[in-house]
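[1] need a structure here:
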Amino acid sequence: MCTVVIDVDAVAGAGSRLLAVRDEDPQRPWDDLGEWWPERYPGVIGIHDRRAGGAWLAADPSRKRLAVLLNRADVLELPEDRVRSRGSLALESVAGRSPQGDDLPMHGFNLLEVHPDGARVLSWDGAQLRETPVPSGVHMIAHDDLDDPGTARIAAWLPRFAAARPHDDWTARWTEVLGDSTGLAPEDDRAIIRDNNPHGYPTMSLLFCTAEVSDARVVLRSRALSEPGHWA
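    Predicted coordinates:
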């Protein structure tokens, strides 16, 4: 139940800026930003999932590409003996190999792909893979569709992020809005920094990343929360 805010520039090549919050089981081991895949994905940096070996977020500065993975509910039940980890999706995406077809042996996902000329979301629900281009402007995505008004945190906070649309100090402005959102309890369905246990998922917000992707550069930073699900 991660959350991403993205601002896509209307000018081709000017790129996008994003803030991504990762929700995961606090007991699942991970590593902060680094080049964790030097043999298969040389030069790629990302947040490393130790258990499956994949990435939640990954970027290839040489290709000017970034991808981040969000879980999504399945509409069909997938037999567990067929399930393959989704951890390779972000890594394969920044290498130029996006998922294709309608027979993916994975649970549902939203894969946000970002490059200097724009962004798109590839959504898999267990039955169909759909592509949604991200228009210019500020948008949010979580576990359903882009800008889904039925997602409480999007309805509550998209207007605030849009009003603080990034300029030179965009990381500070958006981080301030993220901090303001923590006036809500982490179990509140409108919260961005979350404790999802009351909603039936053993996950909590662990960190957030800010990123800028343009023709000129890829800039990626992360900040781990000192206590899962809580803002310090």
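[2] pLDDT score for the spatially most central residue of the chain?
    A centroid search over the chain (Cα atoms, centre = their mean) returns Val68, at 4.0 Å, as the residue closest to the centre. pLDDT for Val68: 98.
[3] One more: Ile192?
    pLDDT for Ile192: 98.
[4] hang on, it in a strand?
    No: under DSSP: H, G, I helix; E, B strand; the rest coil, Ile192 sits outside any strand and is assigned coil.
[5] residue ranges with poor pLDDT in this structure?
    For the chain, applying pLDDT under 70 flags the ranges 78-79, 81, 166-167.
[6] any idea which element the residue nearest to the centre of the chain lies in?
    Here Val68, judged by DSSP states H and E, is contained in strand 65-71.
[7] can you list contacts of that strand?
    Contacts to strand 65-71, defined as Cβ atoms under 8 Å, 6 or more residues apart in numbering, come from residues 1-4, 18, 20, 55-60, 86-87, 89-91, 93-94, 96, 107-115, 141-143, 209, 211, 213, 218, 220. C-beta: built from backbone N, CA, C; applies to glycine.
[8] go on, stretch 22-31?
    Contacts to stretch 22-31, defined as Cβ under 8 Å, 6+ apart, come from residues 1-3, 47-51, 56-57, 194, 196, 201-209, 228.
[9] Can you flag the buried ones in those?
    Neighbour-count burial (16 or more other Cβ atoms under 10 Å) applied to those gives 1-3, 47-49, 56-57, 194, 196, 201, 203-209, 228.
[10] Take those and keep only those in strands.
    3, 47-49, 56-57, 204-209 (DSSP state E).
[11] Farthest-apart pair in the residues you listed, please.
    By the measure Cβ to Cβ, Thr3 and His48 form the most distant pair in these, at 20.2 Å.
[12] Leu158 should be in a strand, yeah?
    No: counting by three-state DSSP, Leu158 is not part of a strand but helix.
[13] Surely it is in contact with Val138?
    Yes: if you go by Cβ atoms under 8 Å, Leu158 and Val138 touch, sitting 7.2 Å apart.
[14] what is in contact with the two at once?
    In contact with both Leu158 and Val138: Val5, using Cβ under 8 Å, 6+ apart.
[15] any idea how far Gly183 is from the residue nearest to the centre of the chain?
    25 Å (Cβ to Cβ, to the nearest Å).
[16] Check Leu207 too.
    As judged by Cβ to Cβ, Leu207 and Gly183 stand 20 Å apart.
[17] All the helices of the protein, in order from the start?
    Along the chain, counting by DSSP state H, helices occupy 88-94, 152-163, 170-181.
[18] Give me whichever of those is most buried.
    Among the helices of the chain, helix 88-94 has the highest mean neighbour count (mean count of other Cβ atoms under 10 Å), at a mean of 24.
[19] so Asp195 makes contact with Glu227?
    No: the criterion here is Cβ under 8 Å, and Asp195 misses it with Glu227 at 10.6 Å.
[20] Pick out whichever of the two has more residues nearby.
    Asp195 (20 against 11; other Cβ atoms under 10 Å).
[21] So what sits opposite that one in the bridge?
    In this entry, Asp195 is beta-bridged to Met204, by DSSP bridges.
[22] hmm, who's touching stretch 143-156?
    When contacts are defined by Cβ under 8 Å, 6+ apart, stretch 143-156 is touched by residues 1-3, 70-73, 110, 121, 123, 132, 134, 139-142, 158, 181, 189-192.
[23] Out of these, which end up buried?
    Neighbour counting over the contacts of stretch 143-156 (16+ other Cβ under 10 Å) leaves 1-3, 70-72, 110, 121, 123, 132, 134, 139-142, 158, 181, 191-192 as the buried ones.
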